[in-house]
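1. Based on what follows, work out the 3D shape:
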Amino acid sequence: MVSIKSWKPLRNVLVILASLVLVGAIAGSSLVTVQADPSDFSLWAVVTVDPYWGYYGGYHDVFYMIMPELEKIGIDLSIAMYDQYTWWDITWETYWNSSSADALPPCGWDIFPAEYWLMPSAPSLWLESIIYSWLLPPDGANVFPYMNEKSDDLLYKGLHTFDASDRQKYLWDWQELFMHDPPMINIYYSKVYEVESIWLQGFDPVAWFMEVSQMRFNETLFDEWAPQFPGSAGRDPYTLVFGLGWEEVWGFNNLFMNTYTEDRMDDLKDETLYDLTIDTSAPVGDPPYTWWETPPAEMWQYCVKPVLAAEQPIFLDGPHGPDTLARIFLRDNVYWSDGVPFNASDVKYTLDTVLNPASKAVAYGELEPTVESVIIKNATCVDLVLKAESPDLGNLLSNEWGCAMVPWHVLKDVDIRDLKGHASNTGYDPETGLFDPVKVCLPALGPFKLTGYAGGEYIELSKNPDYFGYDLGWGPYDVDKMILKWIGDPAARIAAMKTHEIDFGEYCTASIEDFEALSEREDLRVWQYDYPASHPPLWLNLDSPYLSNRYVRQAIAHAIPREAILNEILPSWGVEGYPGKTFILPHHYYTDPVTKERVQLYNTELEPYENNLTKAEMYMDMWRYAQEGTDHTLGPVGDADFSGVVRLDDFILWATNFGTEPTDWTFLPGNDIDPDFDNSGLVNLDDFIEWAANYGTYYPFEGAR
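-> The predicted structure follows:
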């Protein structure tokens with residue numbers, strides 16, 4: 001992980017000496033912590049102006065509670081708040097890894113919160129693209145950047161095997177490694193509340209608009225209850241209204257999706273090969289789950305169903321071994337809303353576009369680890385050449401964030417580099433120069449099509465009469481129109497729910513007591529369910545000279561007052577939380593397709609981070625006393641790679657860098673090295689003696705994570 005420099009003439013002598021000393025190395029040393037200075041260094045947390053939880057939430061109260069705890073261990077945390085677009089630009093786009101003086105807030109970002117959602121049916125989708133070291137922006141989403149080769153290996157092996165036992169072993173090992181060398185700190189998982197008008201039926205808040213085939217507008221219940229509430233007065237019949245947050249629409253082509261508002265809109269008008277749904281063949285609870293009534297589904301019931309695909313992928317022998325060719329048969333008699341038939345050309349065009357980094361499609365990082373190429377067999381069949389086994393292929397192809405099909409017949413003559421700026425994405429009519437997304441929007445494959453748009457006010461989607469799902473008996477039933485209405489304030493959204501101005505909405509915020517009180521109302525359907533996301537994972541910029549050090553990241557993880565956050569903040573948001581670990585969720589399971597063995601992919605033996613300021617201070621000491629000129633005996637003597645234990649890897653780093661000074665060492669984000677064990681400013685024979693004397697020692701204490 002570091003550059004190889006020329007060795008001194010002592011090389012052979014040193015290797016022999018190392019072998020002799022290794023046999024009798026002294027394992028173990030005592031450490032003394034010191035009181036932190038008022039501030040060892042400063043960090044910037046970059047958040048949105050929305051104070052609450054969620055995908056675009058700033059989690060303000062969480063940061064206000066963390067700030068004084070970090071101050072106790074010598075870290076000055078400042079908060080910079082921005083509108084969503086600027087926040088996105090700082091953390092994910094222009095300045096995603098910037099340490100330059102012109103970046104905001106100064107020198108880029110150090111920490112930011114962003115809820116991270118994973119499909120409950122499998123963890124692969126949206127996980128690989130943020131972890132693999134080769135998927136840095138703009139191609140992938142590894143904004144940390146996390147450059148851990150062992151992590152790459154374990155995660156890839158765990159997600160690309162059909163064998164249940166192997167998959168569990170690799171992913172459990174990966175989670176342990178992840179929490180040992182964290183690029184993010186997951187504070188909690190959660191249960192949240194869903195509130196809906198009683199006449200809305202068949203909507204699942206986990207599957208969201210990916211699965212609306214069971215959605216129903218119950219006219220009888222509407223006629224019974226709606227006249228009692230002014231919010232529903234004058235509404236068009238068979239219309240459902242959804243309350244949006246304050247996220248904008250930045251584009252109308254799902255290949256470039258970036259916001260939840262775009263997600264809501266595109267899910268209703270576009271279609272993927274597969275979609276998230278609920279397996280109702282495995283009833284749970286008493287009474288068992290139904291689409292029309294509570295209780296909610298159990299997380300392990302979520303799976304993917306064929307949508308544009310006619311059946312699940314068929315895995316065949318391929319160029320890279322068994323199960324590395326996936327044959328996908330497509331439904332016949334499927335039409336775009338402009339009357340043109342959907343066929344294999346659309347599939348190949350869409351996936352080829354996603355797999356070409358020149359397109360800047362957002363799903364490149366999701367498909368690149370798995371799909372090599374697409375071959376058309378005939379109009380209703382394609383073969384996907386896979387790089388390795390992919391038991392989660394259906395999940396990957398259910399990705400509404402960039403893998404919904406786009407029409408080849410409309411876009412085939414557009415240069416792939418111009419797609420993001422094409423009228424079908426920007427919404428600007430090239431003939432008039434006016435913003436008219438309804439006119440220039442791509443034809444629809446889903447149950448609705450775009451028929452009205454007023455930015456900041458509403459998005460109107462009307463029933464698509466050509467939707468193939470109706471011939472299959474799918475819904476939505478008795479829903480002629482969907483109105484997505486912007487209501488930026490979360491408190492205003494819950495108020496709109498109470499008066500039935502909206503029928504459902506995202507991130508409605510109220511206290512747990514308020515939600516429980518609403519559950520007593522007969523005109524509302526209210527329930528609590530597991531929310532499949534990490535909250536708020538504190539994304540850490542490993543380009544930071546401080547956060548690159550693993551000991552500093554562990555110090556922060558142990559300083560976070562989790563119990564206080566769970567007990568004092570979350571209930572006021574209507575959230576019930578429990579300690580988080582990694583991105584993998586407690587309800588991630590996998591069933592071996594051959595043996596039918598079912599295993600839990602979430603590592604149940606792995607303990608969450610402990611909130612312990614004494615231990616946090618001990619981790620900080622490992623960073624402090626590795627600095628040149630400090631008392632090295634109080635630091636991680638011999639731990640050249642800051643892994644927490646002195647071993648042969650550290651000797652190799654010492655030998656490789658023999659004769660160098662700190663300014664000569666290669667910096668790789670998250671992979672700090674320091675073979676100058678005595679803090680003299682020069683790597684020499686004295687450092688070898690320090691390494692040998694401390695071989696086998698764990699830092700900052702025996703059993704440390």
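2. Residue 226 should be in a strand, yeah?
-> No. Residue 226 sits outside any strand when classified using DSSP: H, G, I helix; E, B strand; the rest coil, being helix.
3. Tally up the residues packed near it, please.
-> 19 (other C-beta atoms under 10 Å). For glycine as for every other residue, the C-beta is placed from the backbone atoms N, C-alpha and C.
4. what's the answer for residue 616, then?
-> A count of neighbours around residue 616, defined by other C-beta under 10 Å, yields 28.
5. Average pLDDT for the strand or helix carrying it, rounded please.
-> When elements are assigned from DSSP states H and E, residue 616 belongs to helix 613-624. Average pLDDT, helix 613-624: 98.
6. Mind listing what's buried along it?
-> 615, 616, 617, 618, 619, 620, 621, 622, 623, 624 (16 or more other C-beta atoms under 10 Å).
7. residues contacting the first one?
-> The reference is to residue 615. Residue 615 sits next to 558, 700, 701, 704 when contact means C-beta atoms under 8 Å, 6 or more residues apart in numbering.
8. and which of these is nearest to residue 681?
-> Minimum distance to residue 681 across the contacts of residue 615 is 23.5 Å, recorded for residue 700 (C-beta to C-beta).
9. and the closest residue in space to that closest one that isn't next to it in sequence, how far is that from residue 634?
-> Distance criterion C-beta to C-beta, 6 or more residues apart in numbering; nearest residue to residue 700, sequence neighbours excluded, is residue 618 at 3.9 Å. Distance of residue 618 to residue 634, given as C-beta to C-beta, to the nearest Å: 10 Å.
10. what's the answer for residue 268, then?
-> Counting by C-beta to C-beta - residue 268 and residue 634 are separated by 60 Å.
11. Show me which of those two is the more surrounded one.
-> residue 268 (24 against 18).
12. and that one, what does it touch?
-> By C-beta under 8 Å, 6+ apart, the neighbours of residue 268 are 209, 212, 446, 447, 448, 461, 482.
13. What about the fifth one? Give its phi and psi, please.
-> Geometry field for residue 448 lists phi and psi as phi -130, psi 160, criterion degrees, to the nearest 10.
14. Grab the nearest non-local neighbour of it.
-> Nearest non-adjacent residue to residue 448, counting by C-beta to C-beta, 6+ apart: residue 461, 3.8 Å away.
15. again with the first one
-> The shortest distance from residue 209 to any residue that is not its chain neighbour, by C-beta to C-beta, 6+ apart, is 3.5 Å, and that residue is residue 267.
16. Does that neighbour lie in a helix or a strand, and which?
-> In this assignment (DSSP H and E), residue 267 forms part of helix 260-269.
17. Determine how far that helix lies from the middle of the whole chain.
-> Computed by C-alpha atoms, centre = their mean, to the nearest Å, the chain-centroid distance of helix 260-269 equals 18 Å.
18. what residue ranges in the stretch 351-500 of the chain score low on pLDDT?
-> Scanning the stretch 351-500 of the chain for pLDDT under 70 picks out nothing.
19. That one: helices as residue ranges?
-> Ranges of helices within the stretch 351-500 of the chain are 364-367, 393-396, 408-411, 423-426, 437-440, 490-499, based on DSSP state H, counting those that start in this stretch.
20. quick one: which of those helices is nearest residue 169?
-> Closest among those, once you apply C-beta to C-beta, is helix 393-396, at 20.6 Å.
21. so what does the closest one touch, helix or strand wise?
-> Under the contact criterion of 3 or more C-beta pairs under 8 Å, 6 or more residues apart in numbering; DSSP states H and E, helix 393-396 touches strand 302-306.
22. Give me the mean pLDDT for the next helix or strand after the strand it packs on.
-> Downstream of strand 302-306, the first helix or strand assigned by DSSP H and E is strand 314-318. Taken as a whole, strand 314-318 carries a mean pLDDT of 98.
23. buried set for strand 314-318?
-> 315, 318.
24. how about residue 300, phi and psi?
-> Dihedral angles for residue 300 - degrees, to the nearest 10 - are phi -70, psi -10.
25. pLDDT score for it?
-> Here the pLDDT value assigned to residue 300 is 82.
26. wait, residue 60 sits on residue 47?
-> Yes. Assessed by C-beta atoms under 8 Å, residue 60 is found in contact with residue 47 at 6.7 Å.
27. Identify the contacts common to these two.
-> Contacts common to residue 60 and residue 47, judged by C-beta under 8 Å, 6+ apart, are 79, 81.
28. Between the two, which is the more surrounded one?
-> Taking other C-beta under 10 Å, residue 60 and residue 47 do not tie; residue 47 has more neighbours (25 against 18).
29. Show me what the more buried one bridges to in the sheet.
-> With DSSP bridges as the criterion, residue 47 is bridged to residue 81.
30. Spell out for me which residue occupies the centre of the protein.
-> residue 116 (3.7 Å; C-alpha atoms, centre = their mean).
31. quick one on the thing from earlier: could I get the contacts of residue 268 as a markdown table with neighbour count and distance to residue 253?
-> Shown next, in a markdown table, are the contacts of residue 268 (neighbours: other C-beta atoms under 10 Å; distance: C-beta to C-beta, whole Å):
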| residue | neighbour count | distance to residue 253 |
| --- | --- | --- |
| 209 | 24 | 17 |
| 212 | 26 | 21 |
| 446 | 24 | 14 |
| 447 | 27 | 19 |
| 448 | 25 | 16 |
| 461 | 25 | 16 |
| 482 | 26 | 19 |
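32. returning to what we had before: show the pLDDT at the residue nearest to the centre of the chain.
-> 95.
33. Is the nearest residue to it once chain neighbours are set aside in a helix, a strand, or coil?
-> In this structure, residue 116 finds its nearest non-sequential neighbour in residue 534, 4.8 Å apart by C-beta to C-beta, 6+ apart. Secondary structure of residue 534, reduced to three states by three-state DSSP: strand.
34. what residues are up against residue 534?
-> Contacts of residue 534 by C-beta under 8 Å, 6+ apart are 115, 116, 118, 184, 186, 189, 580, 582, 583, 585.
35. switch to 7 Å and redo it
-> 116, 186, 189, 580, 583 (C-beta atoms under 7 Å, 6 or more residues apart in numbering).
36. Local confidence estimate at it?
-> 93.
37. where's residue 65 relative to residue 206, distance?
-> Residue 65 is 28 Å from residue 206, by C-beta to C-beta.
38. cool, and residue 104?
-> Applying C-beta to C-beta to residue 104 and residue 206 gives a distance of 35 Å.
39. Give me the more crowded residue out of these two.
-> Neighbour totals were compared for residue 104 and residue 206, and residue 206 leads with 22 against 18 (other C-beta under 10 Å).
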